[in-house]
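In: below are the sequence and a predicted model for it; my questions follow.
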Amino acid sequence: MSLLSINFGTTAPVPTDSDSKTPPFAIIRYGAGNSRIARNQDDLLKIDVAMPVLGDQQHACEVWRSDRPMQHEQSGPLQLLYNGIFLFGALEVDERNGLEQATQDAYTLILEQLRRRGYPYLLRMWNYLPDIVGPDHGVERYRLFCAGRHTALATEPGYESRLPAASALGTTGAGFVIYFIAAYEPALQIENPLQVSAFHYPACYAPKSPSFSRATVKHWPDSTQFYLSGTASIRGHESRRTGDIQGQLQLTLDNIEHLLTRAREQCPPIRDNLDNLALLKIYLRRADDFTLVRDYMQQHFASACPPLYLQADICRKELLVEIEGWSTFDSAR
């Protein structure tokens, strides 16, 4: 039992794990043909993501739970579940007015509803959209997404100092979905000294910089949680080891180790090393790289929970692998 927990599971709604007596409030299911969001009569949110699951994995979804009852509300396309401590939200983005405007409208709606309900601080966001590096009226779709997100978030004074951890990946089917967690107090922002902060990238990557933190740390009444953004083979602001999947994997893991080191320096309850980082999601551009990456991870790291491997387009065409993660530490503030 915990305030906020995530477990990887099968496609069944309730996996057999230590939290199985606590009913889930949201399930994110991978491998769907299209991305969509639905809510059943018990207010359980089901988010389908059009992202193939790689390998013969026993888990193909993530199951969200809380030991506190969740209240549900809806504002237009935005589904909200909250319990007085944190808020979980999800929405399908309607692109009929173009991706940039649609992203701006979606983020503006999210911010407005979070302020209205008293959870103004975004902690962690997931953005799953089709054809992320494809052209849209002559402009790369990721650039349009970044511009729309930046325009909405930059309206908040001092927004750069409290940007959430985030991921933005390309899906194989139709439908753009966003889901996130927020709270009434901010998280601690963690940056990698070996990387330029994404929100300070030069304009060659996008007219408006990507608006996220490399990682965030949140203190809850019963625990401390570390949220790792999607992390790739980037040093400074440049992609490294182009065309070399093992080299990119090694540099990505090194970046994660540096983020964990910074997190431990700034927040003593964080005591994990990479080999204990739970709930890793590993996104691969090429399905053929799965065996190499899986074997490398099994050889070098003894995670308590095997990673979830997904095939996805990454936001730079030369990047072959991206890794995100989540850890919980049972140490109150």
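Out: Received, thanks. Residues are numbered from 1 along each chain as shown.
In: name the next helix or strand downstream of the helix or strand where residue 256 lies, please.
Out: Assigned by DSSP states H and E, residue 256 belongs to helix 245-266. Note on helix 245-266: by DSSP H and E, the next helix or strand toward the C-terminus is strand 281-284.
In: avg pLDDT for that next one?
Out: What strand 281-284 shows for mean pLDDT is 97.
In: same question, stretch 315-333
Out: 85.
In: who does the strand or helix carrying residue 6 touch, helix- and strand-wise?
Out: Assigned by DSSP H and E, residue 6 belongs to strand 5-9. Identification of packing neighbours for strand 5-9 by 3 or more C-beta pairs under 8 Å, 6 or more residues apart in numbering; DSSP states H and E yields strand 61-65. For the C-beta atoms, the positions are set from N, CA and C on the backbone; glycine is no exception.
In: what is the distance between the strand it packs on and the centre of its chain?
Out: Centroid displacement of strand 61-65 relative to its chain, using C-alpha atoms, centre = their mean, to the nearest Å, is 13 Å.
In: next secondary structure after it?
Out: Note on strand 61-65: by DSSP H and E, the next helix or strand toward the C-terminus is strand 71-75.
In: within the sheet, what are the partner strands of that following strand, with directions?
Out: According to DSSP bridges, strand 71-75 forms sheet pairs with strand 78-82 (antiparallel).
In: chain center to the partner strand, what's the gap?
Out: On C-alpha atoms, centre = their mean, the centre of strand 78-82 falls 17 Å from that of its chain.
In: quick check: mean pLDDT of the strand holding residue 6?
Out: 90.
In: that one pairs with which strands?
Out: Strand partners for strand 5-9, identified by DSSP bridges, are recorded as strand 61-65 (antiparallel).
In: mind saving the C-alpha coords of the strand it pairs with as PDB?
Out: Provided in PDB are the C-alpha atoms of strand 61-65 (Å, rounded to 0.1, in the frame of the first residue of the first chain):
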ATOM      1  CA  CYS A  61       1.200  -2.300 -19.600                       C
ATOM      2  CA  GLU A  62       1.800  -0.100 -16.600                       C
ATOM      3  CA  VAL A  63      -0.700  -0.200 -13.700                       C
ATOM      4  CA  TRP A  64      -1.200   2.900 -11.500                       C
ATOM      5  CA  ARG A  65      -2.500   2.600  -8.000                       C
END
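In: which residues touch that strand?
Out: Strand 61-65 has contacts (C-beta atoms under 8 Å, 6 or more residues apart in numbering) with 2, 4-11, 13-15, 19, 22-30, 88, 279, 308.
In: same check on stretch 28-41?
Out: 11, 45-53, 60-62, 64, 72, 74, 79, 90-92, 128, 130, 171, 173-177, 179, 308, 310.
In: filter those down to the buried ones, ChimeraX style.
Out: Listed next is the ChimeraX selection for buried residues among the contacts of stretch 28-41, using 16 or more other C-beta atoms under 10 Å:
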select :45,46,47,48,49,50,51,52,53,60,61,62,64,79,90,91,92,128,130,171,175,176,177,179,308,310
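In: so residue 46, which of the three states?
Out: Three-state assignment for residue 46 (DSSP: H, G, I helix; E, B strand; the rest coil): strand.
In: give me the beta-bridge partners of it?
Out: In this entry, residue 46 is beta-bridged to residue 27, residue 38, by DSSP bridges.
In: make 42 the starting number, not 1.
Out: Understood, numbering begins at 42; the last thing we discussed is residue 87.
In: from residue 319, how far off is it?
Out: Separation of residue 87 from residue 319 (C-beta to C-beta, to the nearest Å): 23 Å.
In: ok, now residue 327?
Out: Applying C-beta to C-beta to residue 327 and residue 319 gives a distance of 26 Å.
In: repeat for residue 357
Out: From residue 357 across to residue 319, the span is 27 Å (C-beta to C-beta).
In: these two: which is more packed in?
Out: residue 357 (20 against 17; other C-beta atoms under 10 Å).
In: nearest spatial neighbour of the more buried one, skipping sequence neighbours?
Out: residue 280 (5.6 Å; C-beta to C-beta, 6 or more residues apart in numbering).
In: contacting residues for that neighbour?
Out: Residue 280 is in contact with 273-274, 357, 359-360, counting by C-beta under 8 Å, 6+ apart.
In: ok, it to residue 230 distance?
Out: With C-beta to C-beta as the criterion, residue 280 and residue 230 are 23 Å apart.
In: that older thread, any chance of a markdown table for the contacts of residue 280, columns distance to residue 307 and secondary structure?
Out: Shown next, in a markdown table, are those (distance: C-beta to C-beta, whole Å; DSSP: H, G, I helix; E, B strand; the rest coil):
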| residue | distance to residue 307 | secondary structure |
| --- | --- | --- |
| 273 | 23 | coil |
| 274 | 24 | coil |
| 357 | 28 | coil |
| 359 | 31 | coil |
| 360 | 27 | coil |
